[in-house]
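Trainee: what's the 3D shape of this:
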Amino acid sequence: MHKKILAIVNPVSSNGSTGRQWPNFEKAIRDSGIAFDFVFTEYPMHAKELTQNALNSGYEVILSVGGDGTMNEVLNGFFQDGKIINENAALAVFSRGTGCDLIRTIGINKDVYSMIELLKEMKSSVYDVGSVEFTKYGGEKTQRYFLNVSDVGIGGETTFRVNKNSKALKGFLSFMLGALTTIFTYKNKNFEISIDDMNINERLNSIIVANGKYFGGGMKIAPMAEMNDGYFDIIILGNFNKFELLYNFSKIYDGSHLSHPKVKHYRGKTVRVNAKQKALIEVDGEQPGVIEAEFHILPQKLKVLTGR
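Mentor: Numbering: from 1, shown residues only. Below is the predicted model:
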């Protein structure tokens, strides 16, 4: 039985190349025999609205065509009034953005022919979803779902820097240069953290709340993370000085940073983060606001088409 598919395309992703190349992608998918509809996003969070409307109209597969931020908007569209719209509907990800971090964990390649195979085979896994409450820049409290990683600290400031600049250098270089630049300006903060029933009050660099393994354009921040185990993997970067960050920076790309005595790993289902100083939050490659923040894991919540 053929499923009803809608592709939600962010034409400005990948520095505009997604919009330019979409006619070729569309032709390749249609020529393979896959029937689908598509629509372009026009403004921030438009993909959320489009996804909600599509699922309520009977679409069964939503294909996100764009970056991790587009995927996050589509993910949020699977929910309405705090509940998933259709638990049998599936998310598919054609990753075209800067980071492409989620697909590293779930085993999807970036090319259109891999996406065609994914849509033909319709193999899926059911993954946990994170929910986070935080404060938007206007001061309004809000809530957002995430599938991959959310973090508070230097990652939030790096994402803010990368997203406001041109991404012509592509993911790896954009995030690497953004992170190195941020190291020189970032100041550690006095964080107050609770992980389930455990409390931490220390001067720290960052708190990473991970469902997936990668963030920041290929940084293997949580190599032990499993996206269907019902737990967050929480990585805490301690009170690193700038020299220590620079000296150990390369370790984050292969996961060996976890052996450093100033890096701690915890597992939990509920995480609360606050600080005496302003701290930015990053959610699936987007930088939508500031803390304080409260994270909850929603086990086995979303069906995702996977390459495994």
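Trainee: for the stretch 51-200 of the chain, which segments count as strands?
Mentor: With DSSP state E, counting those that start in this stretch, the ranges of strands along the stretch 51-200 of the chain come out as 61-66, 79-80, 83-84, 90-95, 124-136, 141-146, 149-153, 189-195, 198-204.
Trainee: now tabulate those in TSV and tack on distance to Val162, mean pLDDT and mean neighbour count.
Mentor: Backbone N, C-alpha and C define where each C-beta goes, glycine included. Supplementary listing: the strands of the stretch 51-200 of the chain in TSV, determined by distance: least, C-beta to C-beta, whole Å; pLDDT from 0 to 100; neighbours: other C-beta atoms under 10 Å:
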stretch	distance to Val162	mean pLDDT	mean neighbour count
strand 61-66	16	97	26
strand 79-80	27	98	18
strand 83-84	31	96	12
strand 90-95	16	96	24
strand 124-136	19	97	19
strand 141-146	17	97	18
strand 149-153	14	95	29
strand 189-195	20	98	19
strand 198-204	22	98	14
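Trainee: Pro299 is nearest to which of those?
Mentor: Shortest distance between Pro299 and the strands of the stretch 51-200 of the chain, using C-beta to C-beta, is found for strand 124-136: 5.2 Å.
Trainee: that closest one pairs with which strands?
Mentor: Based on DSSP bridges, the pairing partners of strand 124-136 within the sheet are strand 141-146 (antiparallel), strand 286-305 (antiparallel).
Trainee: tell me which of these is the most buried.
Mentor: For the strands paired with strand 124-136, ranked by mean neighbour count under the definition mean count of other C-beta atoms under 10 Å, the leader is strand 286-305 at a mean of 20.
Trainee: coming back round to it: so which of the strands of the stretch 51-200 of the chain gets nearest Phe243?
Mentor: Comparing those by their distance to Phe243 (C-beta to C-beta), the top pick is strand 198-204, with 16.6 Å.
Trainee: what segments of the stretch 201-308 of the chain are helices?
Mentor: Across the stretch 201-308 of the chain, reading from the start of the chain, the helices by DSSP state H, counting those that start in this stretch fall at 242-248.
Trainee: quick one: the strands in it, in order.
Mentor: Taking DSSP E, counting those that start in this stretch, the strands of the stretch 201-308 of the chain run over residues 206-210, 232-237, 263-268, 270-275, 280-283, 286-305.
Trainee: okay if I get those strands as JSON lines plus mean pLDDT and distance to Ala92?
Mentor: Converted to JSON lines, the strands of the stretch 201-308 of the chain look like this (pLDDT from 0 to 100; distance: least, C-beta to C-beta, whole Å):
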{"stretch": "strand 206-210", "mean pLDDT": "97", "distance to Ala92": "22"}
{"stretch": "strand 232-237", "mean pLDDT": "98", "distance to Ala92": "24"}
{"stretch": "strand 263-268", "mean pLDDT": "98", "distance to Ala92": "29"}
{"stretch": "strand 270-275", "mean pLDDT": "98", "distance to Ala92": "29"}
{"stretch": "strand 280-283", "mean pLDDT": "95", "distance to Ala92": "20"}
{"stretch": "strand 286-305", "mean pLDDT": "96", "distance to Ala92": "4"}
